[in-house]
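Novice: With the sequence up front, the predicted model follows.
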Amino acid sequence: MNKETGIPVNKKNIVLIGFMGVGKTTVGQLIATKLGRDFIDIDQYIEEKYNMPIPQMFKEFGEQHFRQIEKETVIDICKNQHNKIVSLGGGAFQQAEIRQTCLTSSLVLLLDLSWNSWKERMDILVDNRPVLHNRTLDEIHELFQQRQLAYSKHHLKIRTDNQTPEEVADFIVKKLQHNNI
């Protein structure tokens, strides 16, 4: 039992963080299946709730409005739901309130991918990531570096370079089953 939250460790949400495109959704779905838990992708959840794709939200309301919705959604799920696998958007953990809530109420796992490996995926990522639109490679690299500080606060870091999503998910499940987090 966790003294801070009163939630047994084996019932805590598992929150996946990391830069956009590292595989949080794919790995999260695999972990959820392996552990028999429900999976929540925060971006998909918001899109369904507001019946609008995130790129359109950015365009119509701006990033600040989206970040407020994101914060309210993540905090609500982390405080009021348990035993879920939750995938955060790449920028969510930049917000101090989200970070604090996740770290105290959930197990936070960082899926970490090197910059060089991430660049290989960039072409398939840009269209659906409004924060990348109209940015140069240098600007994206700067964003990647800026987010590393927030990502440094977690319960477990998993390096995903040269691993399949299945291998990453299996590693995480073994760690959880042996209480090595």
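Specialist: Received it, and whenever you're ready, just let me know what you need.

Novice: Show me what secondary structure element comes after the helix or strand of the chain with the lowest mean pLDDT.
Specialist: Within the chain, no helix or strand scores below helix 115-125, which has a mean of 76 by mean pLDDT, DSSP states H and E. Sequence-wise, the next helix or strand downstream of helix 115-125 (DSSP states H and E) is helix 137-151.

Novice: Quick check: pLDDT value at residue 181.
Specialist: We have a pLDDT of 63 for residue 181.

Novice: Just the strands from this protein, written as ranges.
Specialist: 13-17, 38-41, 84-87, 106-112, 156-159 (DSSP state E).

Novice: Give me the angle between the first one and helix 137-151.
Specialist: Put plainly, it is strand 13-17. Counting by axes from the mean of the first three to the mean of the last three Cα atoms, to 10 degrees, strand 13-17 lies at 150 degrees to helix 137-151.

Novice: Same question for the fourth one.
Specialist: For strand 106-112 against helix 137-151, the angle between stretch directions is 150 degrees (the same axes, to 10 degrees).

Novice: how far is strand 106-112 from where the chain is centred?
Specialist: 8 Å (Cα atoms, centre = their mean, to the nearest Å).

Novice: so what does it touch, helix or strand wise?
Specialist: strand 13-17, strand 156-159, helix 165-177 (3 or more Cβ pairs under 8 Å, 6 or more residues apart in numbering; DSSP states H and E). No exception for glycine: its C-beta is placed from N, CA and C like everyone else's.

Novice: Residue 29: which of these is closest?
Specialist: helix 165-177 (8.6 Å; Cβ to Cβ).

Novice: list the buried ones in the closest one?
Specialist: 165, 168-169, 171-172, 175-176 (16 or more other Cβ atoms under 10 Å).

Novice: could I get those residues as CSV with distance to residue 79 and pLDDT?
Specialist: Listed next are those as CSV, based on distance: Cβ to Cβ, whole Å; pLDDT from 0 to 100:
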residue, distance to residue 79, pLDDT
165, 29, 95
168, 27, 97
169, 26, 97
171, 28, 95
172, 23, 95
175, 24, 91
176, 21, 87
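
Novice: now the helix ranked longest in the chain against strand 13-17, angle please.
Specialist: With secondary structure taken from DSSP state H, the chain has its longest helix at helix 63-80. Per the same axes, to 10 degrees, the angle that helix 63-80 makes with strand 13-17 is 150 degrees.

Novice: CA atoms only for helix 63-80, dumped as PDB, please.
Specialist: The C-alpha trace of helix 63-80 is given here as PDB (Å, rounded to 0.1, in the frame of the first residue of the first chain):
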ATOM      1  CA  GLU A  63      -1.600  25.000 -27.900                       C
ATOM      2  CA  GLN A  64      -2.300  26.600 -24.500                       C
ATOM      3  CA  HIS A  65      -6.000  25.700 -24.700                       C
ATOM      4  CA  PHE A  66      -5.100  22.100 -25.600                       C
ATOM      5  CA  ARG A  67      -2.500  21.900 -22.800                       C
ATOM      6  CA  GLN A  68      -5.200  22.900 -20.300                       C
ATOM      7  CA  ILE A  69      -7.600  20.200 -21.500                       C
ATOM      8  CA  GLU A  70      -4.700  17.700 -21.400                       C
ATOM      9  CA  LYS A  71      -3.800  18.700 -17.800                       C
ATOM     10  CA  GLU A  72      -7.400  18.300 -16.600                       C
ATOM     11  CA  THR A  73      -7.800  15.000 -18.400                       C
ATOM     12  CA  VAL A  74      -4.500  13.400 -17.100                       C
ATOM     13  CA  ILE A  75      -5.000  14.600 -13.500                       C
ATOM     14  CA  ASP A  76      -8.600  13.300 -13.500                       C
ATOM     15  CA  ILE A  77      -7.700   9.900 -14.800                       C
ATOM     16  CA  CYS A  78      -4.700   9.500 -12.500                       C
ATOM     17  CA  LYS A  79      -6.600  10.600  -9.400                       C
ATOM     18  CA  ASN A  80      -9.900   8.800 -10.100                       C
END
